[in-house]
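J.: The following block contains a protein sequence and its predicted model.
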Amino acid sequence: MYNSDESLMVMKALCDIMAFSSNEREEVGTDEDVLPQGYGEFGLEVTNPVPVHTLLGLRLYLERLRTKDGVKVAYERIGLMLAPNSPYGIEVYSIYLEKQEIAILYICPNNKKNSEKAPKGFQLASLSVRP
């Protein structure tokens, strides 16, 4: 049976492995929860995307995303955009709650770590291991 908490822990472990293996190549992006050059509403404007580490890290971030009430959301990739303040492509996702779009989220996967900050109106589920 599918266990969401276990799935999150597996994805976190894979992200850690990828981060370790990427230490040998040139690091790009930030290791902060927000992009230093970002402006506008965090995560909700292309000029202030959520920084994450790799596309796997992007998936982990989206799997942790919850409404302020703690309800898991669904998501669908819209595409890739450019922002005037970033040399990297910005991934664009529709965020859904009960099949209704509630937000458009902008994410930059070219960073040293996944942000622990959630956009306004959202929170991130914990990655803690259950006993």
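T.: Happy to help now that I have it. Numbers count the residues shown, from 1 in each chain.

J.: the strands in the chain, which residues?
T.: Per DSSP state E, the chain has strands spanning 50-51, 65-67, 74-81, 90-97, 100-108, 122-124. These are given in chain order.

J.: so which of those strands gets nearest residue 115?
T.: The closest of the strands of the chain to residue 115 is strand 50-51. By Cβ to Cβ, the value is 5.1 Å. To be clear about C-beta, it is placed using only N, CA and C from the backbone, and glycine gets the same treatment.

J.: Against which helices or strands is the closest one packed?
T.: With contacts taken as 3 or more Cβ pairs under 8 Å, 6 or more residues apart in numbering; DSSP states H and E, strand 50-51 sits against strand 100-108.

J.: Name the residues of the strand it packs on that are buried.
T.: Residues 103, 105, 106, 107, 108 are the ones in strand 100-108 that count as buried (16 or more other Cβ atoms under 10 Å).

J.: On the pLDDT front, check the fourth one for me.
T.: Put plainly, it is residue 107. Among the per-residue scores, residue 107 holds a pLDDT of 98.

J.: Surely it touches residue 43?
T.: Yes - between residue 107 and residue 43 there is a contact at 7.5 Å, judged by Cβ atoms under 8 Å.

J.: Quick check: neighbours shared by those two?
T.: 49, 50 (Cβ atoms under 8 Å, 6 or more residues apart in numbering).

J.: Please, where are all the helices along the protein?
T.: 4-22, 54-64 (DSSP state H).

J.: For these, which has the smallest mean pLDDT value?
T.: Least confidently modelled of the helices of the chain is helix 4-22, at a mean of 54 by mean pLDDT.

J.: What about residue 83, how many residues nearby?
T.: By other Cβ atoms under 10 Å, the residues close to residue 83 number 21.

J.: Enumerate every residue touching it.
T.: If you count contacts by Cβ under 8 Å, 6+ apart, residue 83 has them with 46, 47, 49, 90, 106.

J.: one more time with 6 Å
T.: For residue 83, the contact set (Cβ atoms under 6 Å, 6 or more residues apart in numbering) comprises 46, 47, 90.

J.: Residue 101 now?
T.: Contacts of residue 101 (Cβ under 6 Å, 6+ apart): residue 94.
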